[in-house]
Each structure stands twice: as C-alpha cells, then as structure tokens.
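Participant: Fold the following.
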Amino acid sequence: MLALSQPAFVLHSRAYRESSALVDFLTPQGRLRAVLRGARGKAGTLARPFVALDAEFRGRSELKNVSRLEATGFPMLIAGQALFSGLYLNELLIRLLPAEDPHPLLFDHYAMTLQALAEGRAIEPLLRSFEWRLLGELGYGFALDSDVQGEPIAPEGLYRLQTEEGMVPVGQFQPGVFQGKELLAMAEADWSAVGALAAAKRLMRQALAPHLGGKPLVSRELFMTLKEPVRD
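Facilitator: Reported below is the predicted structural model:
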C-alpha cells in the first residue's frame, strides 16, 4: 500500500512490545493509531506531543505502521497551565474523534491553538474556541444567537441547554441556566463581557458531558491539582 506523507501531531504514546510504541496521531485525515518501531531510538524522541511532524503511514487496517517520521520545526515550548491545557485538548480528541474520520479544519485549528498556547496567550478563550470547533466538527454544534425554535436570543432571557438541540428558553431562574446576554457574548467571542468566559466554560462542560460518558477526563483532574508557585 502506498504511504502518503501528511502533517501530524502526536496525541498520546505508550510502550508497545519490546522496542516499539503505540501512538495516537492527529492528521488532517483524522485520528490514526500506529505502531512506531525503534521507539527507543531517534524516532522515539519525536513521538511526543506538541511537535509538528511530517509522517507516512502504511497499512489497511485501523492499526497502521509508521514508515517515516520527521519533525518539521522546533518543538513548541508549552509549560505550566498551558501544558495541561494542551494535554486536555489531546485527551478530548482521543476520546471523541472517531478513527480515520477526516477533519482538516479541526487539524488546522488544533495547530493554531498549540502555537497560541506556546506564545502565552490567554488560555480560557483558546480552550472554549477549540471545544466549540470540536463540537461543530463532530456534528454536535448548536446556535448561540437563536433558540431551538429559531427565535433570537433575548439578552434579558434565561435559557438551558437541550443536549444536541440547542438553547431552550425557561421562565425563571434554575440551576445550570444561562443568561441571554452571556450567550450573545459567546456568539461574538466577546470575552470582555462580564461573565462570558465563566458561562462558556459551564456551557461547554454541559455540551461535552454526554459524549464523554461517565469517565472523567484525566487531564482535567490533573489541571485542577495544578497550583501556582508560591511567590516571595
């Protein structure tokens, strides 16, 4: 089978047999799982997250073989909270993205998000943007400026999320609801609006939860334990 060269990022890698690694890659053609032989040598140094790669894969089954792996630039220097955020994105993709389901726009968005994390840009807007893109690519997206009936979101209204459908107006405040002005700010990615980022985090958790099942995200738990260094 002809091996085609394509850009790739490593999402996760683990030891496999004596000297190989079982690696989950993100490529424009989707998430691929492949065996990387000689993982204890030079190739193994590339099988780590946040390194832009050029890769070739062989095989017709779901489990491929890596026939070539080369770095296309310097590793992105992602540390601290940004590092945990990158691991969170990787875990989301492993858990939610079907194998060999092409999403070239999602791949590009992922690469841009990693670059932004490496540049030290504000983390929360980057995460919310990526979660929203991922939901849309998987067919789980919904409108933020209109409700399930197609009516415009009212700034002073209250709404709850109906999974995989969209926002439903509610008559009075109840746990888990969102203000219309928060939804409209999200629709415009206006993160300067009061409460917009916090509301977006709650909304994305609600939207992602049914697709993640009951198993918690390891990266989210690690992120919650991350403490800022003590300053003198």
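Participant: doesn't residue 177 make contact with residue 199?
Facilitator: No: applying C-beta atoms under 8 Å, one finds residue 199 not in contact with residue 177, separated by 10.0 Å. To be clear about C-beta, it is placed using only N, CA and C from the backbone, and glycine gets the same treatment.
Participant: Which helix or strand in the protein has the lowest average pLDDT?
Facilitator: Of all helical and strand segments in the chain, the minimum by mean pLDDT, DSSP states H and E falls on helix 42-46, at a mean of 67.
Participant: quick one: residue 68 is in a strand?
Facilitator: Yes: per DSSP: H, G, I helix; E, B strand; the rest coil, residue 68 lies within a strand segment.
Participant: count of neighbours near residue 34?
Facilitator: 24 (other C-beta atoms under 10 Å).
Participant: does it really touch residue 67, like I thought?
Facilitator: No: counting by C-beta under 8 Å, residue 34 stays clear of residue 67, with 9.2 Å between them.
Participant: Quickly list what's touching both of those two.
Facilitator: Counting by C-beta atoms under 8 Å, 6 or more residues apart in numbering, the common neighbours of residue 34 and residue 67 are residue 57.
Participant: still on that earlier bit, direction included, what does whichever helix or strand comes after the least confident helix or strand of the chain pair against?
Facilitator: Following helix 42-46 in sequence order, the next helix or strand is strand 53-58 (DSSP states H and E). Counting by DSSP bridges, the strands paired with strand 53-58 are strand 5-16 (antiparallel), strand 63-71 (antiparallel).
Participant: Identify the residue nearest residue 157 in space, chain neighbours excluded?
Facilitator: residue 180 (4.0 Å; C-beta to C-beta, 6 or more residues apart in numbering).
Participant: Is the one you found in contact with residue 153, as I believe?
Facilitator: Yes: Residue 180 is within contact range of residue 153, at 4.7 Å (criterion: C-beta under 8 Å).
Participant: Overlap of the contact sets of these two?
Facilitator: By C-beta under 8 Å, 6+ apart, the residues touching both residue 180 and residue 153 are residue 159.
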